[in-house]
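> what would the 3D arrangement of this be:
(chains A, B, C and D)
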There are 4 protein chains.
Amino acid sequence: MKKIAVLTSGGDAPGMNAAVRAVVRKAIYEGLEVAGVYNGYQGLIDGKIELLQLGSVGDIIQRGGTMLRSARCPEFTTVEGREKALKQLKLHGIEGVVVIGGDGSFRGAMELSKLGIPCACVPATIDNDINGTDFTIGFDTALNTVIDAIDKIRDTATSHERTFIIEVMGRNAGDLALWAGLAGGAETILIPEETYDLPDILERLRRGTHRGKKHSIIIVAEGVMSASLLAEKLNVEEGIDTRVSVLGHIQRGGSPSARDRVIASQFGARAVEALKNGGKTVAIGMKNHQVAEYDLARVFDGDSEFEKEMYTLSKELSI
Amino acid sequence: MKKIAVLTSGGDAPGMNAAVRAVVRKAIYEGLEVAGVYNGYQGLIDGKIELLQLGSVGDIIQRGGTMLRSARCPEFTTVEGREKALKQLKLHGIEGVVVIGGDGSFRGAMELSKLGIPCACVPATIDNDINGTDFTIGFDTALNTVIDAIDKIRDTATSHERTFIIEVMGRNAGDLALWAGLAGGAETILIPEETYDLPDILERLRRGTHRGKKHSIIIVAEGVMSASLLAEKLNVEEGIDTRVSVLGHIQRGGSPSARDRVIASQFGARAVEALKNGGKTVAIGMKNHQVAEYDLARVFDGDSEFEKEMYTLSKELSI
Amino acid sequence: MKKIAVLTSGGDAPGMNAAVRAVVRKAIYEGLEVAGVYNGYQGLIDGKIELLQLGSVGDIIQRGGTMLRSARCPEFTTVEGREKALKQLKLHGIEGVVVIGGDGSFRGAMELSKLGIPCACVPATIDNDINGTDFTIGFDTALNTVIDAIDKIRDTATSHERTFIIEVMGRNAGDLALWAGLAGGAETILIPEETYDLPDILERLRRGTHRGKKHSIIIVAEGVMSASLLAEKLNVEEGIDTRVSVLGHIQRGGSPSARDRVIASQFGARAVEALKNGGKTVAIGMKNHQVAEYDLARVFDGDSEFEKEMYTLSKELSI
Amino acid sequence: MKKIAVLTSGGDAPGMNAAVRAVVRKAIYEGLEVAGVYNGYQGLIDGKIELLQLGSVGDIIQRGGTMLRSARCPEFTTVEGREKALKQLKLHGIEGVVVIGGDGSFRGAMELSKLGIPCACVPATIDNDINGTDFTIGFDTALNTVIDAIDKIRDTATSHERTFIIEVMGRNAGDLALWAGLAGGAETILIPEETYDLPDILERLRRGTHRGKKHSIIIVAEGVMSASLLAEKLNVEEGIDTRVSVLGHIQRGGSPSARDRVIASQFGARAVEALKNGGKTVAIGMKNHQVAEYDLARVFDGDSEFEKEMYTLSKELSI
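Residues are numbered from 1 along each chain as shown, chains lettered A, B, ... in the order given. Here you go, the predicted structure:
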C-alpha cells in the first residue's frame, strides 16, 4: 500500500481532528502518502480529495469538530454513487481508506470494502454505542460537558430547592446519561436499556425531601422520552413541579478532553497500521484497556454492551 | 446602626455568594453584627434568621447559587406578610437590610423601607436589566457561559455547514444576547429592543453562502420569540433548514467570573457603608466605572439603558 | 461488620471527595455505620472521628480536595502511634477502614491490618503510579489541567515562535507527562522511565524549523530534571533559547473530571463491599476495564506498569 | 484614506485576534482595503504584508494568541529600520496603521507617526497598565485564568491546611494581582504600588489560625519580589512554612473571555474610524464605560491609574 485516504462522516464528535492528525502523521511516518477527503462520502463521490502533509494537521489536536467536515450522503447508498466513489479512489491512486465516524459511517465502509477497497474504521461518536469497543472518541468530552452543565444547574436547583429534569443525547444508548448521572450525583437516571418506574422516581424524591433535601436532579436520555414529557407526567399525574433543561448540541462540541485526544491518537495510528500491514477491512477499538482491531462485521452483530453494574451502583449511591 | 441583615431573592445569579460574603465581612469590619435571612422574603416572614460570622462565609466566593437560598414570596406582597416580616426584624434587633437580587426583589425592599427599615439593594441578575447600573452581578458569568456554548455549537455548525439558532435568556432586555452575539461572532442577533427583519436575516445568510461560508449562528433573546418559532418561520416561509439550541438554566449557574466576584465584593461592601453611614434606602451600582449609590426609586423610573452602538457594531462586524 | 471508617491521606487528588461520598452512601445502603476520620492517620491517633450520614456527603461529588482533609503523620510510623490509633478504633467500635490515598497511605493500611483491622485501599493520586491498577483517582483531572495549560502556552509559543519547556508533576512515574504530552501534541516528552537524548531533542527542533514550524513544546516530568535545568542545558550547550513554565500545584486541584468521579464512585463502593464481604485487607483498582480487588501486598511488589507503546506512539506522531 | 494595515506587537494577549478581526471587518465595511503585517514591526521592515479579506479573519474571534504573530524588533529602534518600514508602507500604498499591543508597541507607533503615517493604537496586554484606558484587551481573560488557578490551589491548601504563595505577572502594575486576589479571596496581596509589610502579613496569618482557619493564600505580583524569595523570608525570619506556585505563561494564553472579545471588537472598530475620519495618531481606550480615543502622547504622560479603593477593600474583606 502506497497511498491511503481519511474521511470523517456522520455526526461530528470532539477528537475527530486528533484522529485525523494521527492518521496523517502515522501514515507519513510509515512512508505512505495520505489524502484527506472533505465532506465524508459525498466528497468521495465528488472527488473533494487533497494530499495532506505534516503541516496540514498542525494545531488541530485541540479543536472540536472536524477539519475534513462531515455530511450525510444518500447518494452513497446507491450502487451508482458507490461506483463514482470507487472511480475517484482509483483516479487518486488510493488503496485504503480510514473512516472516522459512527456505525452509519461504518456501513459505508463495509460497502466500500466489497468493492475491493480495504477500510479501517475508527469509532467516533459521543453516544459510545459502537459494538466491540469500550470507548468511542468524543464520549469522554461530551460526558464532561454534561457534568459541567449538571454542576451549573445544581447551583440553581439548590438555591431554589427545585427538581430539575435534564435531557441528554442518546437515542438507543444510555451511556452518556448513565455515566453523567453517576458523575453528576443525579438522584434518578432514565436510560433506554432499563424500563423506568414512575413510583420509584417519586419514592426517591420523597426520600430526599424527608431528610431535608429539597432539590433533585433527574437525567433522562432522549431515547426514553423528552424531558418535557416527563415533566408533564410528573406534574399531571403527581402534582410535582419541575424545571426542564435540554442540553442539545453543546454536547457535540468543544475542545476534546485529554482522554479523547489520547484514544483518537491511538486509534488513528492503529488504523494506518491495519491498512499497511494487512490491507483488511477492520474496526479499531479499545477492549479491556488495549487498543485492538477486529473484524468490521462484528460491529453490526449485536448492540454495544451495557454496563449493568454501573446502573445498579448509581441507584445505590443515590439512596 | 448596630445590626443588619442580608438576604438574596428572585432568580439566583453567579456572584450572589461573593456579595453575601462581602456584606458579612465588611459589616464585621465596621463593627456591626450581621444576620443571614434564608429563603428570601419568605424567610424574613418565617424568622429564618441566623447570626453570621467571618467563618460562615468562608470558601463561598467561588461558588454559584446562593448559600442563603432564594424563593418567591407572594405573602410579602400582602400587608399582613410585611407586618410579620417587620415583627421578625424588630425581634432580632435588625436595623437595616441588604437585599441582593433583581428589580422584583428591589420592590420588596421599597415596601420594607416604607415600614421604616432602611434597605441597600445590590443588583444581581444575569439579565443586566436594572436601571441605574451599567452592570449587574451574574451578567458577566452568564455571558461567558453563553459564549462557551456558542463556541461549542460553532464546532458542529462548521463541521456540518449548518445554520444554528441559539436561544438565550432575556425577556425584556437583550444585553445577554447582544454581548454574547458580538463576542461569539454571531451572524445575526435578535433582541427585544430592536425590531427584527426577516429579509435582513436572509440577506446575511445569503451573503455568507456567497463567499463560501456555509455555516451561520443566529442568537435570539427569549423575549423576541422562541428559537423553534424562528426556525419554523425560516423553514416554512423561506425553505431554510436550521438547527435549534435552547441554552436554558445552565446560564444561571457556575462559578462566578473574576469580574462578577469583584463587583459583588464592591457592591456588598458599599451596601454596608450606605446603611451604616446614612441609614437611607438606596440602590448600589456601577456607573461610569465607579461604584455608586443612588435613590432606589430611580430603578423603577424607566428601563435599563440599551447600548445602541453595540448593536450597530455587531451588524457592521458580521457583514 | 457493623461499623467502618474512611480516611484520606497523602497528597490530595481531585475525586477524593467523590470516593468518600461513595464509601459513605454504599455503607449506609449496606446497613453499615460509617465514620469519617479527619486529617488522615493523625486524626486516627487523635480520635478526630465523626459519624457520617447521607447528608454529610451531599454536594461534594464535584469538589476538589478532600472534606476529610489530609496530613503527613510521622507518629503513625511508630509502634506507639499505631497503638493509639488502634485504641481509638476500638473505642469507636470501628471494624474496618477504607483508606483513600497513594502508596504511602497504603503502607499505613498494611500496618493497621497487622493489628487486626481489615483495610480496603482506594488508589487516589494524580501520579497514576500505583501498581496493580490501570488508573488512579485524580489522574484524569490532572491530565486535563495539564493539557489546558499546554493549550494556553501553545497560543503564546505560536504567536512568538518560541520553544517552551513545561514541567509537570511525576517524580518516579511519567504517566502524567506522557499522556499530557501525547494529548497536547508536544514535540518532545521526557519521562523517568526512558533515558532522554539531547541530540534527539535537537533533531526534532531542527526538523520542525526546517518545515516552517518555529514553535515547539517540550514536556518534562519533574523526576527527570527541572525545566530550568533543561533550559540551561539547551542554552549553554546548544545556544537554543527557550521559555520555561512549571505547572506546580494547580495540577492537584480543581473539580474532578467525569472519569475521576465515576471511578471514585466505583472504587469507594467496591471498598465497602470488600470490607463487608470478606473483611480482608485489599487494594481496589481498575484492571482491563473492570473494577477489581487484589491483595494489598501486590502494590508493593514492583512498579506501576509503564505503557511503552504510548511512548513510541508519541514519538511517531511528533515527527 | 484607502488602505490601512494592522499589526500586533509585544507580548501576546488573549483577544488580539478578536481585535484584528474587528479591524479587518470594520475596514471592509467602511470601504477600505486592509493589509495584515506579520511578526510586528519586524514584518513591516521585511515587507511581510498581505491583503486580508472577510474570510481571512473567520473563526478566529475565540482563539488566543495572534494570527499575525508578534516579535521583538530592535531594528525598528534605529532610523534605518524605520526608513525601511516606511518604504514598505509606501510600496503597499498603506496610509495608516492600527497597532495592537502594549506601551512598547505604542512607542513604535509614535515614531511611525513622525514619519507621516497616522497610527491608531489598540491597548492589548494582560497587565492592564496603559495610561488613559480603564481596561486593556487580555486583562479580563488573564484574570479569569489566575482565579481558576487560585481556586484549584485553594482545594489543596484547604485539604492540607497550608499557606500558599502564588506569583502572578505584573512588573510595574499590580492590577492582575489585586483584582485576582480580591476575586480569589486571597488573605494577603502584594503589589508594586503599595509597600508591603511583613508584620501585617504575619498578623493576618495569625488571625486566621486563631479562628480555626489553617490555610491561607498570598498573592504576589512578580514586580514586588519572587514567590520563592517571599517564602524564604517567611521561613527564615518567621519560621512559617509555605508552598509556592508561579503561574507563569499560562496567564497569557487561552480563549479570550466575553469581555475581552467585546472590547477588542469595540477598540478595533474604533481604531479604523479614527484613521478614516481624522487620520490622526491616537490611542483607543475605555474611559468611564465609554469607548474613547485620545492623543497617543498621553499614554506616556504618567502611569496607569491605580485603584486604591480596591486595595483597601481587599484588606477589609480579608480580616
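
> distance of the residue most central in space within chain A from chain C?
In chain A, the C-alpha nearest the mean C-alpha coordinate belongs to residue A:125, at 1.6 Å (CA atoms, centre = their mean). Using CB to the nearest CB, to the nearest Å, we find residue A:125 at a distance of 17 Å from chain C. The C-beta positions use only the backbone N, C-alpha and C, and glycine is treated the same way.

> now do residue A:52
13 Å.

> what's the spacing between that residue and chain D?
Distance from residue A:52 to chain D, by CB to the nearest CB: 19 Å.

> ok, back up a step: look up how far residue A:172 lies from the residue nearest to the centre of chain A.
According to CB to CB, to the nearest Å, residue A:125 stands 11 Å off from residue A:172.

> residue A:303 too?
In terms of CB to CB, residue A:303 sits 8 Å off from residue A:172.

> likewise for residue A:148?
Taken as CB to CB, the span from residue A:148 to residue A:172 is 24 Å.

> likewise for residue A:133?
Distance from residue A:133 to residue A:172, counting by CB to CB: 16 Å.

> who has more neighbours, those two?
residue A:133 (24 against 12; other CB atoms under 10 Å in any protein chain shown).

> so the more buried one sits against residue A:286, correct?
Yes - at 5.4 Å, residue A:133 counts as touching residue A:286 under the criterion of CB atoms under 8 Å.

> looking at stretch A:250-267 now, give me its mean pLDDT.
Mean pLDDT, stretch A:250-267: 97.

> tell me the helices in chain A, going along the chain?
Along chain A, the stretches classed as helices by DSSP state H are A:16-29, A:40-46, A:79-91, A:103-114, A:139-160, A:175-184, A:198-210, A:227-238, A:258-277, A:308-317.

> wait, which of those helices is closest to residue B:164?
helix A:139-160 (16.1 Å; CB to CB).

> and that closest one, C-alpha only, in CSV?
In CSV, the C-alpha atoms belonging to helix A:139-160 read as follows (Å, rounded to 0.1, in the frame of the first residue of the first chain):
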residue,chain,number,x,y,z
PHE,A,139,-17.7,10.2,24.6
ASP,A,140,-15.4,11.5,27.3
THR,A,141,-15.6,15.1,26.2
ALA,A,142,-19.4,15.0,25.9
LEU,A,143,-19.5,13.5,29.4
ASN,A,144,-17.5,16.3,30.8
THR,A,145,-19.7,18.9,29.0
VAL,A,146,-22.8,17.2,30.5
ILE,A,147,-21.5,17.1,34.1
ASP,A,148,-20.4,20.7,33.7
ALA,A,149,-24.0,21.6,32.9
ILE,A,150,-25.3,19.4,35.7
ASP,A,151,-23.0,21.2,38.2
LYS,A,152,-24.3,24.6,36.9
ILE,A,153,-27.9,23.5,37.1
ARG,A,154,-27.4,22.1,40.6
ASP,A,155,-26.4,25.6,41.8
THR,A,156,-29.8,26.9,40.8
ALA,A,157,-31.6,23.7,41.9
THR,A,158,-30.1,24.1,45.4
SER,A,159,-30.7,27.8,45.6
HIS,A,160,-34.3,27.5,44.7
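
> and that helix, what other elements does it pack with?
Packing partners of helix A:139-160 (3 or more CB pairs under 8 Å, 6 or more residues apart in numbering or on different chains; DSSP states H and E): strand A:163-168, helix A:175-184, strand A:216-221, strand A:242-246, helix A:258-277, helix C:258-277.

> would you turn those into JSON lines with distance to chain B and mean neighbour count?
Converted to JSON lines, these look like this (distance: least, CB to the nearest CB, whole Å; neighbours: other CB atoms under 10 Å in any protein chain shown):
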{"stretch": "strand A:163-168", "distance to chain B": "7", "mean neighbour count": "26"}
{"stretch": "helix A:175-184", "distance to chain B": "12", "mean neighbour count": "28"}
{"stretch": "strand A:216-221", "distance to chain B": "11", "mean neighbour count": "26"}
{"stretch": "strand A:242-246", "distance to chain B": "4", "mean neighbour count": "20"}
{"stretch": "helix A:258-277", "distance to chain B": "13", "mean neighbour count": "26"}
{"stretch": "helix C:258-277", "distance to chain B": "16", "mean neighbour count": "26"}
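
> rebuild the ones you listed as a markdown table, extending it with distance to residue B:234.
What follows is the helices and strands packed on helix A:139-160, written out as a markdown table (distance: least, CB to CB, whole Å):
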| stretch | distance to residue B:234 |
| --- | --- |
| strand A:163-168 | 24 |
| helix A:175-184 | 29 |
| strand A:216-221 | 29 |
| strand A:242-246 | 20 |
| helix A:258-277 | 33 |
| helix C:258-277 | 35 |
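
> and the ones you listed: which comes nearest residue D:229?
Closest among the helices and strands packed on helix A:139-160, using CB to CB: helix A:258-277, at 34.3 Å.

> now could you export just the CA positions of the closest one as CSV?
C-alpha atoms of helix A:258-277 as CSV (Å, rounded to 0.1, in the frame of the first residue of the first chain):
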residue,chain,number,x,y,z
ALA,A,258,-7.2,14.5,27.3
ARG,A,259,-8.7,11.0,27.2
ASP,A,260,-10.4,11.6,23.8
ARG,A,261,-7.2,13.0,22.3
VAL,A,262,-5.2,10.1,23.5
ILE,A,263,-7.6,7.4,22.2
ALA,A,264,-8.0,9.3,19.0
SER,A,265,-4.2,9.3,18.5
GLN,A,266,-4.1,5.6,19.3
PHE,A,267,-7.0,4.6,17.1
GLY,A,268,-5.8,6.7,14.2
ALA,A,269,-2.3,5.3,14.3
ARG,A,270,-3.6,1.8,14.6
ALA,A,271,-5.9,2.2,11.7
VAL,A,272,-3.0,3.1,9.5
GLU,A,273,-1.1,0.1,10.8
ALA,A,274,-4.0,-2.2,10.0
LEU,A,275,-4.2,-0.9,6.4
LYS,A,276,-0.5,-1.1,5.9
ASN,A,277,0.1,-4.5,7.4
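
> tell me the contacts of the closest residue to residue A:115 other than its chain neighbours?
Closest residue to residue A:115 apart from its sequence neighbours, by CB to CB, 6 or more residues apart in numbering or on different chains: residue A:86 at 5.0 Å. Neighbouring residues of residue A:86 by CB atoms under 8 Å, 6 or more residues apart in numbering or on different chains: A:112, A:115-117.

> one more time with 10 Å, if that's ok
Taking CB atoms under 10 Å, 6 or more residues apart in numbering or on different chains as the criterion, residue A:86 is in contact with A:44-45, A:94, A:112, A:115-117.

> by neighbours, which of the residues you listed wins?
These, ranked by neighbours (other CB under 10 Å): first place residue A:44, 33 neighbours.

> do I have it right that it meets residue A:36?
No - proximity of residue A:44 to residue A:36 does not meet the contact threshold set by CB atoms under 10 Å, at 11.1 Å.

> overlap in contacts, these two.
Common neighbours of residue A:44 and residue A:36 (CB under 10 Å, 6+ apart) are A:5, A:7.

> picking up where we left off before, between the helices and strands packed on helix A:139-160, which gets nearest to residue D:246?
Closest among the helices and strands packed on helix A:139-160, using CB to CB: helix A:258-277, at 23.2 Å.

> is there any residue in the closest one that contacts chain D?
No - shown here: helix A:258-277 not in contact with chain D (CB under 10 Å from any CB of the partner chain), separated by at least 16.0 Å.

> does any part of that helix sit near chain C?
Yes - part of helix A:258-277 sits near chain C under the criterion CB under 10 Å from any CB, namely A:258-266, A:268-270, A:272.

> domain ranges for chain A?
Domain assignment for chain A by automatic domain parsing gives A:3-138+A:256-300, A:140-252.

> now render the ones you listed as JSON lines, adding distance to residue C:210.
JSON lines is the format used below for those (distance: least, CB to CB, whole Å):
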{"stretch": "domain A:3-138+A:256-300", "distance to residue C:210": "11"}
{"stretch": "domain A:140-252", "distance to residue C:210": "34"}
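
> how about the contacts made by the closest residue to residue A:89 other than its chain neighbours?
Nearest non-adjacent residue to residue A:89, counting by CB to CB, 6+ apart: residue A:117, 6.0 Å away. Applying CB under 10 Å, 6+ apart, we find residue A:117 in contact with A:4-5, A:44, A:85-86, A:89-90, A:94-97, A:109, A:111, A:279, A:281.
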